[in-house]
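K.L.:
here are the coordinates; sequence isn't available:
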């Protein structure tokens, strides 16, 4: 009998990466998903119209308003929010199905959404991504749109207020040098996958049996 | 104001790597210590005679029996044990000085010693290193010495009994492919250094101040 390195961490783990808009959440999630082919992104459900290059079921699950209303009524969302007139939500069943099947999920989500998901899944691993400074955050927000100065100031203040939430997370990463931040994030994922607490009863028994006295 | 990536995890962390003799503890510690120049090994105190290539204060602190006795009497050891007629111990003060100064320490230690250190430092990060199979463990133990078959069988059984202790550790790594095991171990260290719980009050305040409203 022999233990495979890949065999010993089988309970699905929910990873959350959050932080203010402009912190760089997508930029650290993309390489992490490439590194771990068995960590899959959680796909949001939205009422927004698909953009040209977006793929149903991969980028989002696109639904109409009536369907979204019914999902709310049926308590199918762990969290949902309205942003710029469209609604976005995270399906409870998609998370539960993945975890029950031992699949790891990565959820890239805003700070309000993360708070709700963590309340439902307290065992999740939550990573907060910090911009390196207020100036850099402002520059990133500016580069994203053609907003008025007033709108930008509002967004910057909202982002700064969200940052106080980092104390409730498991890990914090400062996204100054993206390569360093990605390395730290991938290390957190790889490390967490080696946690003894994630072993199921079968895995524990297998390890003990492997080193039991030969019959 | 700007947060440096290196600045945000300043409380010293005690990392323990343990596992049965033959699991490969030294082989994963050496590259990890090369990767993180600010993680230092804990240096054991021993009554054994120095070997030709061993350096005082680096490999071990060499003391005589009388001095070791006094250190026991003065409760200077977190743990100590007698192995093949020599005594080895871990100094309480060397750990406390390092942690108080915000330095990370790596302790490569047997299973019995690890149990005692964890009892004193419950916040330590404990990693258990598993051999991939009983056969591979036996082969590694064989390759180490010219023991009799009886002595080998005793050592193998002792090692297998120690393996049950893995359930009390934070992380478990199977040392099948050393490169994979090293990568996982380094990831655990790098990840743990990003823990929010390791931030001191000063670091927390600095982050909040950085994103506070400009005065």
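P.N.:
Looks like it came in fine. Not measured: the values here are computed from a predicted model. Numbers count the residues shown, from 1 in each chain, chains lettered A, B, ... in the order given.
K.L.:
from here on, contacts and neighbour counts on C-alpha atoms
P.N.:
OK.
K.L.:
what's the burial count for residue A:148?
P.N.:
10 (other CA atoms under 10 Å in any protein chain shown).
K.L.:
Tell me the confidence at it?
P.N.:
Residue A:148 is assigned a predicted lDDT (pLDDT) of 82.
K.L.:
Please enumerate the strands of chain A.
P.N.:
A:14-18, A:39-41, A:44-46, A:60-62, A:77-83, A:86-91, A:104-108, A:125-130, A:171-174 (DSSP state E).
K.L.:
Who are the packing partners of the last one?
P.N.:
Helices and strands touching strand A:171-174, as assessed by 3 or more CA pairs under 8 Å, 6 or more residues apart in numbering or on different chains; DSSP states H and E, comprise strand A:125-130, helix A:178-192.
K.L.:
Low-confidence stretches in chain A?
P.N.:
Along chain A, the parts satisfying pLDDT under 70 run over A:1-10, A:146, A:213-215.
K.L.:
Let me see the contact set for the spatially most central residue of chain A.
P.N.:
The residue lying closest to the centre of chain A (CA atoms, centre = their mean) is residue A:107, at 2.0 Å. Each residue near residue A:107 by CA atoms under 8 Å, 6 or more residues apart in numbering or on different chains is listed here: A:14, A:15, A:16, A:17, A:41, A:42.
K.L.:
Quickly list what it is bridged to.
P.N.:
Beta bridges link residue A:107 to residue A:16, judged by DSSP bridges.
K.L.:
any idea how far it lies from residue A:46?
P.N.:
15 Å (CA to CA, to the nearest Å).
K.L.:
Tell me which stretches of chain A form helices.
P.N.:
A:25-35, A:65-73, A:92-100, A:111-120, A:134-144, A:149-163, A:178-192, A:201-210 (DSSP state H).
K.L.:
And those: which comes nearest chain B?
P.N.:
helix A:178-192 (4.2 Å; CA to the nearest CA).
K.L.:
So is that closest one next to chain B?
P.N.:
Yes. Applying CA under 8 Å from any CA of the partner chain, one finds helix A:178-192 touching chain B at A:184, A:185, A:186, A:187, A:188, A:189, A:190, A:191, A:192.
K.L.:
Which strands or helices does that helix pack on?
P.N.:
So helix A:178-192, by 3+ CA pairs under 8 Å, 6+ apart, packs with helix A:25-35, strand A:171-174, helix B:178-192.
K.L.:
if we look at the second one, which residues are touching it?
P.N.:
Meaning strand A:171-174. By CA under 8 Å, 6+ apart, strand A:171-174 touches A:126-132, A:166, A:181, A:184-185, B:3-5, B:191, B:194-197.
K.L.:
Would you tell me which one of the helices and strands packed on strand A:171-174 is buried the most?
P.N.:
strand A:125-130 (a mean of 25; mean count of other CA atoms under 10 Å in any protein chain shown).
K.L.:
Turn the contacts of residue A:107 into JSON lines, columns for neighbour count.
P.N.:
Shown next, in JSON lines, are these (neighbours: other CA atoms under 10 Å in any protein chain shown):
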{"residue": "A:14", "neighbour count": "27"}
{"residue": "A:15", "neighbour count": "23"}
{"residue": "A:16", "neighbour count": "23"}
{"residue": "A:17", "neighbour count": "25"}
{"residue": "A:41", "neighbour count": "19"}
{"residue": "A:42", "neighbour count": "23"}
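K.L.:
Just name the closest of those residues to residue A:204, please.
P.N.:
Checking the contacts of residue A:107 against residue A:204 by CA to CA gives residue A:14 as the nearest, at 20.9 Å.
K.L.:
show me the contacts for the closest one.
P.N.:
So residue A:14 contacts A:95, A:99, A:104, A:105, A:106, A:107, A:123, A:124, A:125 (CA under 8 Å, 6+ apart).
K.L.:
from the residues you listed, which is closest to chain B?
P.N.:
Distances from chain B to the contacts of residue A:14, taken by CA to the nearest CA, are shortest for residue A:125, at 10.8 Å.
K.L.:
No further queries at this time; thank you.
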